[in-house]
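Novice: here is the input, now give the coordinates:
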Amino acid sequence: MQIRTWPLFCLSIVILLATPCHAVSCHVAKTYEVSDAEQEFLRGHFDRAATLYQAHLQQSPGDPILTAGLTQTLLRQQRIAEADALVTAAIAKNQNSAPLLTALGEVQYREGLPWLATESVAKAAKADICYPRMHLLSARLSRLSSGYAGAARSIATAHSLDPQDPAIRRQWLSTLPLSRRIAELEAYLAADTGDDPEDIAHLKTNLASLRKIQSEPRKACRLVSQASATEIPFVGMMGDSHSVRFYGLDVKLNDHNARLQIDTGASGLVINRSVAEHAHLQRFVSGTSGGIGGSGETSSYAAYADSIKIGGLEFHDCPVQVIEARNMNDIDGLIGMDVFSSFLVTLDFPLRKLALGVLPKRPDETVAATPTLQTAQSSGHEDPDDEDEVAAAKPPESKPSSPVTQPAPQSRGPHDRYVAPEMKDWTRVYRVDHLLLVPTQLNGSPPRLMVLDTGAFTTSLDPAVARTVTKVHGDSNIIVHGVTGKVDKVYTADKIEFQFANLRQTVNDVVAFESPSISRSTGLEIAGFIGATALGQVTMSIDYRDGLVKFQYDPKHGYKYPGLP
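Specialist: All right, here's what the predicted structure looks like:
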């Protein structure tokens, strides 16, 4: 084994430790032997890998590297409780092991407890600042908290320490410029990396789209109207002939009218095939889309609109996502609020309007960034403020990437979260691409992550989570539809009090259903969705750039969301 010394830059460490910054030298393995268990893991044979790891641990009980390897295998098999028990028992006997502490952090992250994972990373860094996977987990946690600059430093450090680790390599290649990213992704797909078939399929789709972008570059989506801030009235979307069920926005695609449902649980502009055909949108690249529903992923494609008009704003050359089905639950489509992520977004349900304002300038900015429209998923850069080469979007996937804006030159990223003085009382939320995740207490229990989803008519929970705080009953009379079809099994849970940010709401007969595709695509266990029955009663302001939200509720207003008794 050949060893070389690699100096870590101070900035790669200071984000993890509260101690004064100092230079650290780490030993980096240029080559290393792969065990038989790891070989099976890299080939995607997770059952065999687990069996081999367990056999080796019988000979070397508590070995940190073997335990960490088995933990990663169990997580890949979705055996989360077993992974937790394994690593917790190992740490009880070895509390100062960076591999074990990092493995615990990975389990806590997957369990949807990033605040605990952050503590584990800090302990792992103190135990061994040179452990590569600790820096990888640090990057994931930084990105989750809108710390894009910190994430970039951490993943660069992780790759410097262990460029052969597939998990590190996969995260690192997404930060590369277009031409180099294509070459690295081709090499990655040619090797055994431990990805399951679904992940490999998405990576191949991503590679095809990147090649398409390189061969047929497009202009960047841009604002062409004079206004950079505006108010847009909501329009009612009928659930039946007598009542409004959802609110939406009127949108013109190439001067063709469409009414799109306001949905913070969706990404970009998502339209059905009929709307795309009437607007004469041309297919750019094919893909698949995932979401709530029992039919798995559905076929979709990316297309470009020459013009998109929303209220007083007009944008040119913007990508949209087209679902192959002609109808999506009898609506034209969805408009995710992340399309306005370069604006300060306010959804005022009591006054039934959308307000778009200017985000506060960062301290290093002399002028505010020019807003644009984030209508489809980006090319994979980590920071939603930074894009150097790619102006087009990659095809729709169930694992979207962060949106891309066009900031003023002096503000080019990546950046970490900035909390302006006037926003110091806003709630910091976690963000996975377009999804906003807020810690929520259920009947006073420890917090779990829930998605802020105006597109969900009612607040809902995962049945397993609901059973930890109340009784759950089967209820076949409730029907839940998503983009990918009808949910197979739906339950109801008894009375639950939801508490998140500054809001508290008690709900009887809570809808409960499983949504494993959401947890899998985010990499975190999602407890459920805070829907329109809660969010439709408040004014919700969102700073997507910095992962901040603010809720205002006036009980004197007497407002009820459409369809509520």
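Novice: for stretch 60-70, buried residues please.
Specialist: 63, 64, 66, 67, 68, 69, 70 (16 or more other C-beta atoms under 10 Å). (Glycine included, C-beta is placed from N, CA and C.)
Novice: ok, the third one to residue 445 distance?
Specialist: Right, residue 66. Using C-beta to C-beta, to the nearest Å, residue 66 is found at 34 Å from residue 445.
Novice: before we move on, what about the first one?
Specialist: Noted for residue 63: a distance of 35 Å to residue 445, by C-beta to C-beta.
Novice: please apply the same query to residue 190.
Specialist: From residue 190 to residue 445 the distance is 47 Å (C-beta to C-beta).
Novice: how about residue 516?
Specialist: From residue 516 to residue 445 the distance is 22 Å (C-beta to C-beta).
Novice: okay, those two: which has more neighbours?
Specialist: Ranked by neighbour count (other C-beta atoms under 10 Å), residue 516 and residue 445 place residue 445 first, with 14 against 11.
Novice: is it true that residue 116 touches residue 106?
Specialist: No: counting by C-beta atoms under 8 Å, residue 106 is not a contact partner of residue 116; they are 11.3 Å apart.
Novice: apart from its neighbours in sequence, what residue is nearest residue 37?
Specialist: Distances taken as C-beta to C-beta, 6 or more residues apart in numbering place residue 52 nearest to residue 37, at 3.7 Å, with adjacent residues excluded.
Novice: correction: the previous question concerned residue 524.
Specialist: residue 112 (4.5 Å).
Novice: quick one: residues contacting the one you found.
Specialist: Listed by C-beta atoms under 8 Å, 6 or more residues apart in numbering, the contact set of residue 112 reads 448, 449, 519, 524, 525, 526, 527.
Novice: let's go with 10 Å and repeat that
Specialist: 80, 430, 437, 439, 447-450, 465, 519, 522-527 (C-beta atoms under 10 Å, 6 or more residues apart in numbering).
Novice: that one: helix or strand, and which one exactly?
Specialist: Using DSSP states H and E, residue 112 maps to neither a helix nor a strand.
Novice: and whichever strand or helix holds residue 89, average pLDDT?
Specialist: Using DSSP H and E, residue 89 falls within helix 80-93. Throughout helix 80-93, pLDDT has a mean value of 97.
Novice: list the buried residues for that helix?
Specialist: Those would be 80, 82, 83, 84, 86, 87, 90, 91, for helix 80-93 by 16+ other C-beta under 10 Å.
Novice: contacts for that helix, please.
Specialist: The list of residues contacting helix 80-93 from outside it, by C-beta under 10 Å, 6+ apart, reads 50, 53-54, 57, 61-64, 66-68, 70-77, 79, 97, 99-108, 110-112, 120, 123, 519, 525.
Novice: angle of the helix or strand following it against helix 80-93?
Specialist: Tracing the chain past helix 80-93, the next element assigned as helix or strand by DSSP H and E is helix 98-110. Angle of helix 98-110 versus helix 80-93, following axes from the mean of the first three to the mean of the last three C-alpha atoms, to 10 degrees, is 150 degrees.
Novice: just checking, what packs against helix 98-110?
Specialist: helix 64-76, helix 80-93, helix 114-127, helix 132-144, helix 516-522 (3 or more C-beta pairs under 10 Å, 6 or more residues apart in numbering; DSSP states H and E).
Novice: to residue 203, which of these lies closest?
Specialist: The minimum distance between residue 203 and the helices and strands packed on helix 98-110 falls on helix 516-522, with 13.7 Å, by C-beta to C-beta.
Novice: how far out from the middle of the chain is the closest one?
Specialist: Relative to its chain's centre, helix 516-522 lies at 10 Å (C-alpha atoms, centre = their mean, to the nearest Å).
Novice: packing partners for that helix?
Specialist: helix 98-110, helix 197-215, strand 430-432, strand 435-442, strand 448-452.
Novice: can you pull up the most central residue in the protein?
Specialist: The structure's the chain has its C-alpha centroid closest to residue 432; by C-alpha atoms, centre = their mean the separation is 1.9 Å.
Novice: the closest residue in space to that residue that isn't next to it in sequence: neighbour count?
Specialist: Using C-beta to C-beta, 6+ apart and skipping residues adjacent in sequence, the residue nearest residue 432 is residue 522, 4.5 Å away. Residues lying near residue 522 (other C-beta under 10 Å) number 20.
Novice: so residue 522 makes contact with residue 265?
Specialist: No: Residue 522 is beyond contact range of residue 265, at 11.7 Å (criterion: C-beta atoms under 10 Å).
Novice: residues shared between the contacts of these two?
Specialist: Shared contacts of residue 522 and residue 265, defined by C-beta under 10 Å, 6+ apart, are found at 435, 451.
Novice: list phi and psi for the residue lying farthest from the centre of the chain.
Specialist: The outermost residue of the chain relative to its centre, with distances by C-alpha atoms, centre = their mean, is residue 59 at 40.0 Å. Main-chain dihedrals, residue 59, degrees, to the nearest 10: phi -80, psi -30.
Novice: list the contacts of it.
Specialist: By C-beta under 10 Å, 6+ apart, the contact list for residue 59 reads residue 66.
Novice: okay, it: pLDDT?
Specialist: At residue 59, the pLDDT value in this model is 96.
Novice: please begin residue numbering at 668 from this point
Specialist: Renumbered: residue one is now 668, and that last one reads residue 726.
Novice: against residue 1161, how distant is it?
Specialist: According to C-beta to C-beta, residue 726 and residue 1161 sit 49 Å apart.
Novice: point out where the stretch 818-967 of the chain drops to low pLDDT.
Specialist: 905-910, 957-964 (pLDDT under 70).
Novice: apply 50 and report the result again.
Specialist: Along the stretch 818-967 of the chain, the model assigns pLDDT under 50 to residues 960-962.
Novice: all strands of the stretch 968-1117 of the chain, in order?
Specialist: In the stretch 968-1117 of the chain, the strands defined using DSSP state E, counting those that start in this stretch lie at 980-990, 1000-1002, 1011-1015, 1020-1024, 1094-1095, 1097-1099, 1102-1109, 1115-1119.
Novice: which among those is found nearest to residue 824?
Specialist: strand 1097-1099 (22.3 Å).
Novice: residue 783 and residue 773: which has the busier surroundings?
Specialist: With neighbours defined as other C-beta under 10 Å, residue 783 and residue 773 compare such that residue 773 has more, 26 against 16.
Novice: was I right to think the more buried one contacts residue 787?
Specialist: Yes: between residue 773 and residue 787 there is a contact at 8.5 Å, judged by C-beta under 10 Å.
Novice: shared neighbours of the two, which are they?
Specialist: Common contact partners of residue 773 and residue 787 (C-beta under 10 Å, 6+ apart): 754, 801, 804.
Novice: so the first one versus residue 765, what's the distance?
Specialist: In this structure, residue 754 lies at 13 Å from residue 765, with C-beta to C-beta as the measure.
Novice: what is in contact with those two at once?
Specialist: Common neighbours of residue 754 and residue 765 (C-beta under 10 Å, 6+ apart) are 731, 735.
Novice: sorry, back to before: which one of the buried residues of helix 747-760 sits closest to residue 1125?
Specialist: residue 747 (27.0 Å).
Novice: ok, residue 780 - contacts?
Specialist: With contact taken as C-beta under 10 Å, 6+ apart, residue 780 is in contact with 772, 774, 786, 787, 1106, 1113, 1114, 1115, 1116, 1191, 1192.
Novice: and the fifth one, what pLDDT?
Specialist: Pointing back at residue 1106 there. 97.
Novice: how far away is it from residue 704?
Specialist: Separation of residue 1106 from residue 704 (C-beta to C-beta) stands at 36 Å.
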